[in-house]
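Engineer: have a look at this prediction, sequence included:
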Amino acid sequence: YGPADLKTLSSADFRVLKAIFTWWNGATIGQKFHIGRRGVFIGQDELGNRYYEAKDNRDSYDDRKRRWVIYNGYAEASTVPPSWHGWLHHTVDTPPTEESYTPRLWQKPHRPNLTGTPGAWRAAYVHCTTCVANGTTTFGDYDRPMDALLAVHEQFGNRAVVCENISELNWDKREEWVAQGWKPGDPTPLDPETGERTLATALALYDRWHGRDEGRLRVILGPHAPDFLSKEMLLRVQEEARKRNTLMHLHVAQDPRENNATLQRYGLRAIPFLDSIGLLAPDLIAVHLCFAEPEEVEMVVRSGAPMTCCSNSIGIIDGVVPPAWQFVQLGGTVALGSDQAPGNNSHNVFSEMRATAMYAKIAARSPLPMPAWQVLRMATIDGAKVLGIDDVVGSLEEGKEADIIMLDLTRPPLAPVLLRPARN
């Protein structure tokens with residue numbers, strides 16, 4: 001099929017294509033054929049998911065009959081109710097169809113993942129509570145919907161510099177991409193309509209919230225990544241940011257995918273591409289840089305763009321050490337971030353300081369890189385510089401806001417205090 005053929009495809013045609021090429025829409029044709037040939041239908045839950053058990057244990061991994069679920073629609077494991085979950089994982093042998101099941105008090109009906117919807121505000125309360133409990137006074141927040149998150153920041157009394165994702169990536173069209181021959185590793189098709197919509201949302205957010213409460217809440221612009229926006233849209237976001245004298249937050253060289261996409265589109269890796277169009281500049285916050293070559297890191301520093309380093313998250317997700325030590329050695333400014341709770345398991349600035357100091361030493365095979373005072377700067381004054389608010393916070397100086405925390409050095413995990421540590 002080509003793009004013109006999509007106009008003549010019926011919904012049935014799309015269902016067949018999805019069943020052939022995608023695994024996230026219930027089950028592939030191959031899966032259905034195998035389960036239908038090898039399995040026996042056991043029952044169906046209240047959400048329409050269907051459950052099967054193998055006729056025998058010929059293809060078993062552990063001498064037990066294999067059990068399967070074919071999801072009703074999108075493949076979402078959390079839609080399996082507790083009664084069927086136990087049977088599916090061999091915790092119990094009797095399926096719910098053969099005995100009555102009484103849910104325990106703590107087992108609630110399924111609710112979909114609310115990330116990216118107005119219902120995400122409850123998670124925002126947990127996020128803010130965790131950060132504040134671990135010593136955070138100023139937040140650099142990037143998410144959607146930011147309106148709901150800003151309402152939580154306002155209620156908590158946090159200082160926050162935030163942005164909402166601007167992107168031309170439209171995952172709702174992934175079946176169309178597949179039908180047109182797209183495969184993982186190819187540059188993601190861009191959707192200008194989505195770019196216009198998300199830019200408009202971000203600008204409206206700026207108008208509603210920027211400068212709220214005597215500047216405690218500020219809004220910057222958040223283009224997603226060089227491979228998720230066209231060159232034209234990246235430059236347009238830069239223009240809109242400069243009209244408002246605000247910053248931009250951009251994922252830069254976070255993933256090989258990003259470099260591959262800009263290479264195929266423009267003949268340049270992500271950082272040289274950004275430099276070629278004038279996007280690398282002091283008003284751009286370059287986030288991650290974990291797949292940047294040494295000469296590309298130097299290019300970012302020369303441009304005056306600061307870096308945000310998320311050591312724990314990138315370590316967990318990619319097993320990579322971000323080049324924060326090289327960046328500061330070249331004279332650049334680095335802030336610390338926790339990135340995201342799912343990819344990090346916590347929001348703890350002390351954990352980020354420790355990880356950033358330790359990973360630099362491990363990568364260099366030397367105890368000398370990234371001394372403690374350096375990561376303390378990243379967590380305080382340099383973080384404020386990156387967010388463009390170092391004239392207000394980040395250090396204890398006359399005329400600045402008194403955003404301070406008190407530490408009890410007599411309690412774990414800060415005790416005992418070592419006056420002469422073996423290594424700093």
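Structural biologist: Ah, there it is.
Engineer: Gly140 falls within a helix, correct?
Structural biologist: No. Assessed with DSSP: H, G, I helix; E, B strand; the rest coil, Gly140 is strand; it does not lie in a helix.
Engineer: now the strands for the stretch 151-300 of the chain?
Structural biologist: Secondary structure of the stretch 151-300 of the chain (DSSP state E, counting those that start in this stretch): strands located at 159-163, 165-166, 217-219, 222-223, 248-252, 284-288.
Engineer: the first one packs against which elements?
Structural biologist: The contact analysis (3 or more C-beta pairs under 8 Å, 6 or more residues apart in numbering; DSSP states H and E) places strand 159-163 against strand 138-142, helix 146-156, strand 217-219. Where you see a C-beta, it was placed from the backbone N, CA and C, and this is true even at glycine.
Engineer: just send the ones you listed back as JSON lines, with mean pLDDT and mean neighbour count too.
Structural biologist: Formatted as JSON lines, these follow (pLDDT from 0 to 100; neighbours: other C-beta atoms under 10 Å):
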{"stretch": "strand 138-142", "mean pLDDT": "92", "mean neighbour count": "22"}
{"stretch": "helix 146-156", "mean pLDDT": "88", "mean neighbour count": "18"}
{"stretch": "strand 217-219", "mean pLDDT": "97", "mean neighbour count": "22"}
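Engineer: what about these, which gets the closest to Leu268?
Structural biologist: Closest to Leu268 of the helices and strands packed on strand 159-163, according to C-beta to C-beta: strand 138-142, at 25.1 Å.
Engineer: relative to the whole chain's centre, how far out is that closest one?
Structural biologist: The gap between where strand 138-142 is centred and where its chain is centred comes out at 13 Å by C-alpha atoms, centre = their mean, to the nearest Å.
Engineer: and stretch 263-283, by the same measure?
Structural biologist: Distance of stretch 263-283 from its chain centroid, counting by C-alpha atoms, centre = their mean, is 22 Å.
Engineer: and for stretch 225-241?
Structural biologist: Distance, centroid of stretch 225-241 to centroid of chain: 19 Å (C-alpha atoms, centre = their mean).
Engineer: contacting residues around it?
Structural biologist: Here stretch 225-241 makes contact (C-beta atoms under 8 Å, 6 or more residues apart in numbering) with 166-169, 187-188, 190, 192, 195, 199, 203, 220-221, 223, 247-248, 250-252, 254, 257-258, 261-262, 265-266, 270, 273-274, 277-279, 283-284.
Engineer: list buried residues within those residues.
Structural biologist: Among those, those buried by neighbour count (16 or more other C-beta atoms under 10 Å) are 166-169, 187-188, 190, 195, 199, 203, 220-221, 223, 247-248, 250-252, 254, 257-258, 261-262, 270, 273-274, 279, 283-284.
Engineer: hmm, back to that, what's the closest of the helices and strands packed on strand 159-163 to Val393?
Structural biologist: Nearest to Val393 among the helices and strands packed on strand 159-163 is strand 138-142; the distance by C-beta to C-beta comes to 6.1 Å.
Engineer: can I get the CA coordinates of the closest one in CSV?
Structural biologist: Provided in CSV are the C-alpha atoms of strand 138-142 (Å, rounded to 0.1, in the frame of the first residue of the first chain):
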residue,chain,number,x,y,z
THR,A,138,12.5,24.7,43.0
PHE,A,139,11.0,22.5,40.3
GLY,A,140,11.9,22.4,36.6
ASP,A,141,8.8,20.5,35.4
TYR,A,142,8.1,19.1,31.9
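Engineer: which other helices and strands contact it?
Structural biologist: helix 146-156, strand 159-163, helix 381-386.
Engineer: and the last one, how far out from the chain's middle?
Structural biologist: Its chain's C-alpha centre and that of helix 381-386 lie 22 Å apart, by C-alpha atoms, centre = their mean.
Engineer: rewinding a little: dump the strands of the stretch 151-300 of the chain to TSV, plus distance to Arg111.
Structural biologist: Formatted as TSV, the strands of the stretch 151-300 of the chain follow (distance: least, C-beta to C-beta, whole Å):
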stretch	distance to Arg111
strand 159-163	26
strand 165-166	23
strand 217-219	29
strand 222-223	28
strand 248-252	29
strand 284-288	31
